[in-house]
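Student: when you get a sec, could you give me coordinates for this:
(chains A and B)
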Amino acid sequence: MAKVNEGAQSSDVKGTDAQGRGVQNGAPTMGAPSAQNASAQGTPSHDIDRGSLMLAAVRTHQLDWATDVIEAFGEVTIIIPRDRVVEACRFLKTAPGLEFNFLSDICGADRGPEEEPRFEVNYHLFSTTKHHRLRLKVLLNEEDTHVPTVTGVWRTANWHERETFDMFGVIFDGHPDLRRILLPEEWQGHALRKDFPLRGYEPYSLT
Amino acid sequence: MSVSTRNLPPQFEIVDRPLDTQMTISMGPQHPSTHGVLRLELVLDGEMVVKATPDIGYLHTGMEKLFEYKKYQQGIVITDRMDYLNPLGNNLAYVMAVEKLLGLEIPERAQTIRVLMCEMQRIASHLVWLGTHALDIGAMSVFFYCFREREKILNMIEAASGGRLTPSYFRIGGLMMDLPAGFERKVQQLIESFPAALDDFHTLLTGNKIFQKRTQGVGYISAEDAIDWGLSGPSLRGSGVNLDIRRTNPYTSYEQYDFEVPVEHDCDVWARYMVRMREMPESLKIVRQAVSRLKPGPTKADAPKVVLPEREAMKTHMDALIHHFLIVAEGFNVPKGEVYHAIEGSKGELGIYVKSDGGPKPSRVHVRGPSFVNLSALPHIAEGEMIADVVAIIGSIDIVLGEIDR
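Tutor: The predicted model follows:
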């Protein structure tokens, strides 16, 4: 918290504005980044400045879809509910001061079969004009791995989502062509899940 | 031999429509111009490409899965094998992501050597691109000249690390070892000889009317589309977008170097060709500056629990021996958290996502390969072009299947 505030104050008017409004409107989750390991030594200082500036800009927009904002290792993560992914991405793509017009990457992650929620889908956004980065994170339960697609926002999401589907079995609703991309069509299971054995269930053969 | 079509997946279904003018052909995975094992399913109307569908995965080796079963320091050798034309760039991206989690400070000499080696690697990578791209279009001799120059760089990488294609030279916390004696002299020789070789390439290709006809106005992608499709690196800069991560988000002390970011506005194969051709002298400029910056100093971070001790120290110091044993046998714990670190690889934004749950092995490593993303834009670029130009377009986006399939 203290660290983030420093960043906001060192930035220009926008930063204080962000803070003021944040308090006024009383968005409690927005003002309290999780007390994760926030050590950012070894990260170039300009990256941290840019991250703080961006965080201040995020705060000026009342992001009611942000469940949690985490700042760790000089990177900002916003956790969002899955039914508002498209809305969030559309907003971030054009919002003044943010302009995340470049989708760097989408990747899934499995926290392990015993964890709940089990799956993560991470969206790494980048701005070609402001040069800052942001990670959006959607958490999914094992029983219901559906996420709306963002191919309508960035066309590059197509292959990233296919890869995530292939490896984790996350289903992107509305995707134009959701099929396996790296593994063969008739492959059983999703290879990057933690309960999938390293050497597979049986030797793969083409016959 | 008869082939049963009954059990084939839907994309292999043979549609027999003799009155249609459209024809579906499969290009690859053994086609020499697909740079590896890429298969393209092309729907043609005469010679025009109506639809192009890349089919990838032939080289999938489960690298991201393998990362989760290896200790952090063992993951470095996996990265060598992704984009095998730019292994030092892969090393750097992975190592820097882990260093970000650990919060390590890298000594100045190690950073300078990283820049030096990465830029030489970039030139070597571009030389392979140039040789194969020209070969695809029909200019065979360029290939030999390119590989002759590349050989000099690979010899230097071998001298420093012991490996030509798989150096694993960058380690978490610094370098494997310092540069060998006489390395600076070798670099000086490269700096002196390379501009003449580059002139040769320009003479062979840039002024060549056939090459110009094959590349100019072919494979158009506008700046907006390029950003929308996630193109990065020279392919993006060929569409007039001035974006180079070395400049916009500098890492490993790139902010201290003086270089230009070449940008071309023609958005075609020719523009992407020119960007890479102009990048090579810029990389050489960085190499020259890096060599002049080399000052004696440590090449490993002061973190005994992460960085292997010197051999001599192990023979005389008990704690060095203990640390060595622990790092090799058990690995080192990395703080819980997740980072995404992106660098400017020779093909574009090479990002590595590392998620740690506090143990000696990563919980998840994901690679954002520039080739993977750039290839996904191929249908957009190739549709509406001639089939012969598909070869030129594939060459111009500079893909490496090892990174696409991982």
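Student: flag the shaky bits of the chain, pLDDT-wise.
Tutor: The chain I'm using is chain A. A:1-62, A:204, A:206-207 (pLDDT under 70).
Student: let me rephrase: I mean chain B.
Tutor: Checking chain B against pLDDT under 70 turns up B:1-20.
Student: and the residue of the stretch 201-350 of chain B nearest chain A?
Tutor: Closest contact between the stretch 201-350 of chain B and chain A, by CB to the nearest CB, is at residue B:230 (3.1 Å). Using the backbone N, CA and C atoms, a C-beta is placed for each residue, glycine as well.
Student: ignoring the adjacent residues along the chain, who's closest to residue B:272?
Tutor: residue B:238 (3.5 Å; CB to CB, 6 or more residues apart in numbering or on different chains).
Student: number of residues surrounding the one you found?
Tutor: Per other CB atoms under 10 Å in any protein chain shown, the neighbour tally for residue B:238 reads 30.
Student: one more: residue B:258?
Tutor: 8.
Student: that one contacts residue B:288, doesn't it?
Tutor: No. Residue B:258 lies out of contact with residue B:288 (CB atoms under 8 Å); the separation is 10.1 Å.
Student: in space, what's closest to the residue of chain A found nearest chain B - neighbours in sequence excluded?
Tutor: Chain B sits closest to residue A:156 of chain A, with a gap of 3.1 Å, by CB to the nearest CB. Counting by CB to CB, 6+ apart, residue B:230 is the residue found nearest to residue A:156 once chain neighbours are left out, at 3.1 Å.
Student: how about the contacts made by that neighbour?
Tutor: Taking CB atoms under 8 Å, 6 or more residues apart in numbering or on different chains, we find residue B:230 in contact with A:102-104, A:154, A:156, B:373-374, B:376-377.
Student: give me the three-state assignment for it.
Tutor: coil (DSSP: H, G, I helix; E, B strand; the rest coil).
Student: tell me which stretches of the chain form strands.
Tutor: Just going to use chain A. A:68-72, A:75-79, A:102-110, A:119-126, A:133-140, A:146-148, A:171-173 (DSSP state E).
Student: my bad, the chain I had in mind was chain B
Tutor: Using DSSP E, strands in chain B cover B:22-27, B:39-45, B:48-55, B:170-171, B:174-175, B:337-344, B:349-356, B:364-368.
Student: okay, those strands in TSV with distance to residue B:390 and mean neighbour count next?
Tutor: Listed next are the strands of chain B as TSV, based on distance: least, CB to CB, whole Å; neighbours: other CB atoms under 10 Å in any protein chain shown:
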stretch	distance to residue B:390	mean neighbour count
strand B:22-27	7	14
strand B:39-45	7	18
strand B:48-55	6	18
strand B:170-171	36	26
strand B:174-175	41	26
strand B:337-344	27	24
strand B:349-356	24	26
strand B:364-368	25	25
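Student: want to throw those into CSV with distance to chain A?
Tutor: Formatted as CSV, those follow (distance: least, CB to the nearest CB, whole Å):
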stretch, distance to chain A
strand B:22-27, 16
strand B:39-45, 12
strand B:48-55, 9
strand B:170-171, 15
strand B:174-175, 13
strand B:337-344, 5
strand B:349-356, 6
strand B:364-368, 4
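Student: same list (these) but as JSON lines, adding distance to residue B:226.
Tutor: Shown next, in JSON lines, are the strands of chain B (distance: least, CB to CB, whole Å):
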{"stretch": "strand B:22-27", "distance to residue B:226": "24"}
{"stretch": "strand B:39-45", "distance to residue B:226": "20"}
{"stretch": "strand B:48-55", "distance to residue B:226": "17"}
{"stretch": "strand B:170-171", "distance to residue B:226": "30"}
{"stretch": "strand B:174-175", "distance to residue B:226": "35"}
{"stretch": "strand B:337-344", "distance to residue B:226": "16"}
{"stretch": "strand B:349-356", "distance to residue B:226": "12"}
{"stretch": "strand B:364-368", "distance to residue B:226": "16"}
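Student: ranges for the helices of chain A?
Tutor: For chain A, applying DSSP state H gives helices covering A:2-10, A:13-25, A:28-31, A:45-60, A:85-94, A:157-168.
Student: kindly report the same for the stretch 301-406 of chain B.
Tutor: Counting by DSSP state H, counting those that start in this stretch, the segments of the stretch 301-406 of chain B that form helices are B:311-316, B:318-329, B:370-376, B:378-382, B:387-397, B:401-405.
Student: need the winner for burial among the ones you listed.
Tutor: Looking across the helices of the stretch 301-406 of chain B with neighbours counted as mean count of other CB atoms under 10 Å in any protein chain shown, the highest average goes to helix B:370-376: a mean of 28.
Student: send me that helix as PDB with only the CA atoms.
Tutor: C-alpha atoms of helix B:370-376 as PDB (Å, rounded to 0.1, in the frame of the first residue of the first chain):
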ATOM      1  CA  PRO B 370       7.500 -14.300 -31.500                       C
ATOM      2  CA  SER B 371       7.400 -16.800 -34.300                       C
ATOM      3  CA  PHE B 372       4.200 -18.400 -32.900                       C
ATOM      4  CA  VAL B 373       2.400 -15.100 -32.900                       C
ATOM      5  CA  ASN B 374       3.800 -13.900 -36.200                       C
ATOM      6  CA  LEU B 375       2.900 -17.100 -37.900                       C
ATOM      7  CA  SER B 376      -0.700 -16.700 -36.700                       C
END
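Student: nearest spatial neighbour of residue B:358, skipping sequence neighbours?
Tutor: With CB to CB, 6+ apart, the residue lying closest to residue B:358 is residue B:336, at 4.3 Å.
Student: picking up where we left off before, what's near enough to touch the residue nearest to residue B:272?
Tutor: B:264, B:266-268, B:271-275, B:396.
Student: next, format those as TSV and append distance to residue B:252.
Tutor: As requested, the contacts of residue B:238 are arranged in TSV below (distance: CB to CB, whole Å):
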residue	distance to residue B:252
B:264	26
B:266	32
B:267	31
B:268	33
B:271	28
B:272	26
B:273	28
B:274	27
B:275	22
B:396	28
